[in-house]
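Asks: My questions concern the predicted model and sequence given below.
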There are 2 protein chains.
Amino acid sequence: MVCPASRSVFHNANRQYLRAMKPGGTTLKMVADAAGVHASSVSRALDPAKRHLIGLHVLKRIEETALRLGYRRDMAAAALRTGRSRLVGVILPDVANPVFGPILHGVEESLAAQGYSAVVANAGGLAERAHEAAGQLIARRVEGLVLATAEMHDPVVTLCRTEGIPVVLVNRAEAEGRVASVISDDRMGMRLAVQHLVALGHSRIGHLAGPQNVSTGVWRLEGFRVAMQAAGLDEAGVVMAAAYSRDAGREAAQVLLAEHRPTAIAASNDLLALGAYQALADVGLRCPENVSIIGYNDMPLVDIVAPPMTSIRISSEEMGYRAGQRILAAIAGEMADAGTELLQPSLIIRQSTCRPRRT
Amino acid sequence: MVCPASRSVFHNANRQYLRAMKPGGTTLKMVADAAGVHASSVSRALDPAKRHLIGLHVLKRIEETALRLGYRRDMAAAALRTGRSRLVGVILPDVANPVFGPILHGVEESLAAQGYSAVVANAGGLAERAHEAAGQLIARRVEGLVLATAEMHDPVVTLCRTEGIPVVLVNRAEAEGRVASVISDDRMGMRLAVQHLVALGHSRIGHLAGPQNVSTGVWRLEGFRVAMQAAGLDEAGVVMAAAYSRDAGREAAQVLLAEHRPTAIAASNDLLALGAYQALADVGLRCPENVSIIGYNDMPLVDIVAPPMTSIRISSEEMGYRAGQRILAAIAGEMADAGTELLQPSLIIRQSTCRPRRT
């Protein structure tokens, strides 16, 4: 067989193949012989996705032999053989925002359990950057993408569908539900927040709404309106924040306080609520004595701010874990393309909410 | 040329090569022809590491043509050709700890600027898990590793040196300095903390020390001792925390308060300091009126805890960015194997420290 045209490809692939044997020069066959099993058993035993097929006793013998002989499964060579990278791209809106750490942690953990790894890209809140990052990840042949950056009509989802790349949304979903998502029930969570304030006796309740191009901002606002109507209350006190940040929350809360004089504020996330803490201090008001504030996400450390924040807990790490499991199922062709997995949020009562003062 | 033995490798490599052309079927050559340049110019223009070699005017024309024709550089095919994955592994002790988000952000950003991506693994504070993660990342052919998990004598560093994989430590260094590291000057930072407390008039100053198997714990303790000696003060009040966590800080602070009755506490990190806040509340003492507390790291949100925390600022994101640049330089063979890059910490004064009460 003569192969002049593809010579360089062949040579390079061969070089890769030889490098695959490098560490110690131990081969799969050598491990199999030493352990007294077939090479295919060693291959399965060292593949996190297939090791359950091997009996525990044999598995242990193979692992010990591999360790003793210094054999390591070469995943790059396996990727070359199978055409599968075992990489999943994860695009985060802001790696530095405390709420995304636990989500990434959960994704990474579920991927690792199946021998997959997470390649992380940070979009920094820019849709354009998320699209660029997705293109680069696809060019790397990630087998799927987990997006924490989805907008209501998301161009990255369109890209993934065009390219035939499995994609799962986490924390934020699309309006149309074109692909699978794992999110917390935002409408229900905001209803819990409003019901808590109503039960305390508040009737002038304002809402610091999140950005309206992402589902959390839209659906938490919807939840607010539905809950206020259900309680027979005026739902006029809504101010949109320009971003999910403390500064944007402070600015929006200043408007809310000046125009609507609420006795309580339900914020679309904890950073906005922290901004509202500052806006209150700016005009000499106290939380919760003058105005109750409830956050959303229950992100790390809100239990130790002043006052400790009442918030809606979303299970960030579990959400990430399930999104990881779902993208692996999608990669394996084991699930429907779309569908939303809704996690239940819960109310965490601390000291930023209390009964309104009679004035 | 006959190549029977390696037939399957060749076939698979060839399949990969063909897949590389997939999206749209547009080739590099087609882009070059349409833009009126050589194929090598297109290749350079679309490689983040080489695009600076192309004039801005031509660069723009090539990019527009590539976009118009739907051409995307296939990085997996490039990896196959060059034997380079353009992946860097990043091992974090705890993805969910707020201080590591900014470090990861910095690393990811500097890698992206050169067309590299970060594959993230979470060791969850276990040395064994870090070692296992490193093995898996090496098996994926990452070109280098950035470790935020280094212990004073780190087995992962030994592994990387054995395997010939470039490695850079970030935030935590080794005792021996076998490899390059980018860290904050821990001794200097703790001196700043002690000098601040001494300047306020404190003389009974306790130290909540971090774990002594990592450099930050050891060197901040050293800095404490040196600064106390320099001030002519008794440096007996040191209690080691079992981990960098609020719970461990609370427990250690209870011992420190009971046995040494300090008027001020310098903690080895912010989580330990937050634990000390709780230990004070446990026994009915107030911060800073009864005991001043200073943290370390100035992690996100410590400005809004109660009381807002005086802390030592380390530039987490910059540290990550520089570690990313250093691992790229190491991969390119452009730098010495070892050497420590020390960033200067600074004192951020807030409301958890004040003059001691006369008792």
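Replies: That came in fine, so what should we check first? Note that the structure is predicted; figures quoted are calculated from it, not measured.

Asks: Tell me where the stretch 151-300 of chain A has strands.
Replies: A:167-170, A:180-184, A:205-209, A:238-240, A:264-267, A:292-294 (DSSP state E, counting those that start in this stretch).

Asks: Comparing the ones you listed, which stretch has the densest surroundings?
Replies: Stretch with highest mean neighbour count among the strands of the stretch 151-300 of chain A: strand A:264-267 (a mean of 33; mean count of other CB atoms under 10 Å in any protein chain shown). C-beta: built from backbone N, CA, C; applies to glycine.

Asks: Give the other helices and strands that that one contacts.
Replies: Counting contacts by 3 or more CB pairs under 8 Å, 6 or more residues apart in numbering or on different chains; DSSP states H and E, strand A:264-267 is packed against helix A:186-200, strand A:205-209, helix A:246-260, helix A:270-282, strand A:292-294.

Asks: wait, which of the strands of the stretch 151-300 of chain A is closest to residue B:236?
Replies: strand A:292-294 (44.1 Å; CB to CB).

Asks: quick one: the closest one near chain B?
Replies: No: Strand A:292-294 is not in contact with chain B by CB under 8 Å from any CB of the partner chain; minimum separation 12.6 Å.

Asks: related to what we said a few turns ago, let's have the strands of the stretch 151-300 of chain A in a markdown table, adding distance to residue A:332 and mean pLDDT.
Replies: Listed next are these as a markdown table, based on distance: least, CB to CB, whole Å; pLDDT from 0 to 100:
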| stretch | distance to residue A:332 | mean pLDDT |
| --- | --- | --- |
| strand A:167-170 | 13 | 97 |
| strand A:180-184 | 13 | 96 |
| strand A:205-209 | 39 | 98 |
| strand A:238-240 | 41 | 97 |
| strand A:264-267 | 40 | 98 |
| strand A:292-294 | 41 | 98 |
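
Asks: in chain A, which segments are predicted with low confidence?
Replies: A:1-25, A:48-49, A:72-81, A:83, A:95-96, A:336-337, A:358-359 (pLDDT under 70).

Asks: any idea where the helices of it begin and end?
Replies: Listed in chain order, the helices of chain A (DSSP state H) span residues A:7-19, A:28-35, A:39-45, A:56-69, A:75-82, A:100-112, A:127-139, A:155-163, A:186-200, A:215-230, A:246-260, A:270-282, A:316-331.

Asks: State the distance from residue A:91 to chain B.
Replies: 11 Å (CB to the nearest CB, to the nearest Å).

Asks: Count the neighbours of that residue for me.
Replies: 24 (other CB atoms under 10 Å in any protein chain shown).

Asks: go on, the one 3 residues further on?
Replies: Here the count is done by other CB under 10 Å, and residue A:94 has 19 residues near it.

Asks: Is it correct that it is in contact with residue A:121?
Replies: No: the pair residue A:94 / residue A:121 is not scored as a contact, 11.7 Å apart, by CB atoms under 8 Å.

Asks: list the contacts for the residue nearest to residue A:189 when sequence neighbours are not counted?
Replies: Nearest residue to residue A:189, sequence neighbours excluded (CB to CB, 6 or more residues apart in numbering or on different chains): residue A:345, at 3.7 Å. By CB atoms under 8 Å, 6 or more residues apart in numbering or on different chains, residue A:345 lies in contact with A:184-186, A:188-189, A:192, A:312-314.

Asks: Residue A:204: which of those residues is nearest?
Replies: After measuring those against residue A:204 - CB to CB - the closest member comes out as residue A:192, at 19.2 Å.

Asks: returning to that earlier point: save the strands of the stretch 151-300 of chain A as a markdown table, and put in distance to residue A:100 too.
Replies: Compiled in a markdown table, these are given as follows (distance: least, CB to CB, whole Å):
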| stretch | distance to residue A:100 |
| --- | --- |
| strand A:167-170 | 10 |
| strand A:180-184 | 14 |
| strand A:205-209 | 20 |
| strand A:238-240 | 22 |
| strand A:264-267 | 18 |
| strand A:292-294 | 21 |
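
Asks: Tell me which of those strands lies nearest to residue A:151.
Replies: Between the strands of the stretch 151-300 of chain A, strand A:167-170 lies closest to residue A:151; by CB to CB that is 10.2 Å.

Asks: and that closest one, what does it pack onto?
Replies: strand A:144-147, helix A:155-163, strand A:180-184, helix A:316-331.

Asks: Deepest-packed of those, please.
Replies: Most buried of the helices and strands packed on strand A:167-170 by mean neighbour count (mean count of other CB under 10 Å) is strand A:144-147; its value is a mean of 28.
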